[in-house]
Structures are given as structure tokens and as C-alpha cells.
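A.B. asks: Quick one, structure for this:
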Amino acid sequence: TILKGVEAIPVSCFPKGFSYYAGGHVHERGVYAIPGYGDFAYPGPLFGADYRDLEEGNQKGLFHVRVEGRNGDGGKAKAEFKPIALAETLVIEYNASGKTPAEATQELSEKTAGANVENKLVLMKVYGELGSGKPAEVDFEPIKQRLANAKAFLLNKHALKSREQMRVAVGSGLTRAEIEEKVLSENYKA
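C.D. replies: Next comes the predicted model:
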């Protein structure tokens with residue numbers, strides 16, 4: 001289940017005999033019948049807390065619950081999911097494998113030119129291994145400006161990598177702090 005391995009209050013801490021238990025915080029939707037208790041329902045996030053929640057494409061919404069009968073008399077809860085659309089989502093994916101930062105910038109600009117983003121949530125995922133250059137050299141500013149009419153713009157470039165791995169000669173006799181400083185300054189020059 002989605003709750004396996006999640007730190008949570010044990011079911012045994014809940015009072016028995018109810019038809020329905022409203023759960024929260026879990027980022028996936030599900031209804032779970034637990035013998036002796038009733039249905040534990042988790043609607044998932046109404047709006048995503050991070051890129052993954054928004055990217056998954058799961059419908060967002062809430063449960064409308066009807067309980068038939070009375071508690072203790074075998075009453076049964078029926079949870080019906082009601083979708084709620086807060087914003088239309090536009091997902092733009094781009095594979096930068098083998099490209100230079102300039103080529104990636106140009107192709108992303110072309111890919112977003114004319115995109116209807118008005119009042120939409122725009123998710124951009126850029127991934128792959130550049131043929132040369134560094135991910136920081138891909139210029140996302142013009143793209144962000146082009147998508148300014150979006151309700152929100154989220155950029156995921158965590159999977160964008162560089163083929164070039166700079167080697168830094170640090171020498172001997174340096175302290176750990178000096179080595180870290182040298183490696184950082186050599187790898188992240190503006």
C-alpha cells in the first residue's frame with residue numbers, strides 16, 4: 001500500500017467501529033477497508049506540493065462521503081471521489097542529450113514559441129547529457145519570460161547533466177576546507 005514504510009499513527013490508536021476515517025497528507029489517492037474499523041480514505045493532494053505531485057497527472061479532488069445506516073448498526077460509508085480542476089497543466093519535456101547549451105536554449109525557445117500558457121500551470125522537464133558545456137550555461141531566462149502569462153511555471157532540470165567532468169588539481173598539504181573551496185570555485189565559475 002502507499003502507507004507501507006511511512007511514519008504514521010498506528011491504526012490501533014484510532015477508535016474502532018466508525019464507518020469512515022478521513023485521512024490526509026498522503027500524496028496518493030486511496031480508500032482502504034480495515035477490518036474492525038471501516039474505510040480509511042486519502043484524497044491525495046488537492047494541489048501538488050512539489051513537481052512530482054503536479055507531474056503525475058492524477059486527478060485532484062476530494063471525497064464526498066455518504067454513510068448509510070448508523071454507526072454500530074452496520075452502517076456503511078460510500079466515498080465518491082469528486083475531481084476539482086484548479087488549473088490546466090501543460091507539460092513540456094525536452095531531451096538535451098548530445099546538444100550544446102546554445103542548441104538546447106534555441107530548441108527550447110522554439111518549442112515554447114507560440115505555446116498557449118494563459119492561466120495554465122506549466123511544467124518544464126529538461127533532461128539528458130549535454131554533448132558539451134555545463135547545464136548552468138543553458139539560458140532559461142528568455143523561456144521564463146515567454147511563459148510569463150502562465151499561472152505558474154516550474155522548471156525541473158535535475159536530470160540535466162554535463163558530459164564534461166572537470167578535474168581539479170588540488171595539490172597536497174591543503175586542509176579539507178581549502179580543498180572544498182578550490183573544487184567549488186573551479187567547477188562553478190560564472
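A.B. asks: Determine how far stretch 50-66 lies from the middle of the whole chain.
C.D. replies: Stretch 50-66 sits 12 Å away from the centroid of its parent chain (C-alpha atoms, centre = their mean, to the nearest Å).
A.B. asks: I'd like the C-alpha coordinates of that stretch written as CSV, please.
C.D. replies: Extracted as CSV, the C-alpha positions of stretch 50-66 are listed here (Å, rounded to 0.1, in the frame of the first residue of the first chain):
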residue,chain,number,x,y,z
ASP,A,50,6.2,19.6,-5.5
TYR,A,51,6.9,18.9,-9.1
ARG,A,52,6.2,15.2,-8.8
ASP,A,53,2.7,15.7,-7.4
LEU,A,54,1.9,18.1,-10.3
GLU,A,55,3.6,16.0,-13.0
GLU,A,56,1.9,12.7,-12.1
GLY,A,57,-1.3,13.8,-13.8
ASN,A,58,-3.5,12.3,-11.1
GLN,A,59,-6.8,14.0,-10.9
LYS,A,60,-7.0,16.3,-7.9
GLY,A,61,-10.1,16.5,-5.8
LEU,A,62,-11.9,15.4,-2.6
PHE,A,63,-14.2,12.7,-1.4
HIS,A,64,-18.0,13.1,-1.0
VAL,A,65,-19.0,10.6,1.7
ARG,A,66,-22.4,9.2,2.4
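A.B. asks: mind listing what's buried in it?
C.D. replies: Neighbour-count burial for stretch 50-66 flags Leu54, Glu55, Lys60, Gly61, Leu62, Phe63 (criterion: 16 or more other C-beta atoms under 10 Å). (Each C-beta comes from the backbone N, C-alpha and C, glycine too.)
A.B. asks: From Val183, how far out is the fourth one?
C.D. replies: Plainly put, Gly61 is 48 Å away from Val183 if you go by C-beta to C-beta, to the nearest Å.
A.B. asks: got the contact list for the one helix or strand in the chain whose mean pLDDT sits lowest?
C.D. replies: When each helix and strand of the chain is scored by mean pLDDT, DSSP states H and E, helix 51-55 comes last, with a mean of 72. Helix 51-55 has contacts (C-beta atoms under 8 Å, 6 or more residues apart in numbering) with His27, Pro45, Gly48, Thr89, Val91, Leu121, Leu123, Lys125, Leu154, Asn156.
A.B. asks: Tell me, how many residues neighbour the fifth one?
C.D. replies: Put plainly, it is Val91. 12 (other C-beta atoms under 10 Å).
A.B. asks: Three-state assignment for it, please.
C.D. replies: Using DSSP: H, G, I helix; E, B strand; the rest coil, the structure places Val91 in strand.
A.B. asks: is it true that it touches Lys125?
C.D. replies: Yes - under the criterion of C-beta atoms under 8 Å, Val91 makes contact with Lys125 at 7.2 Å.
A.B. asks: re earlier: which SSE is immediately downstream of the least confident helix or strand of the chain?
C.D. replies: Toward the C-terminus, helix 51-55 is succeeded by strand 61-68 as the next helix or strand (DSSP states H and E).
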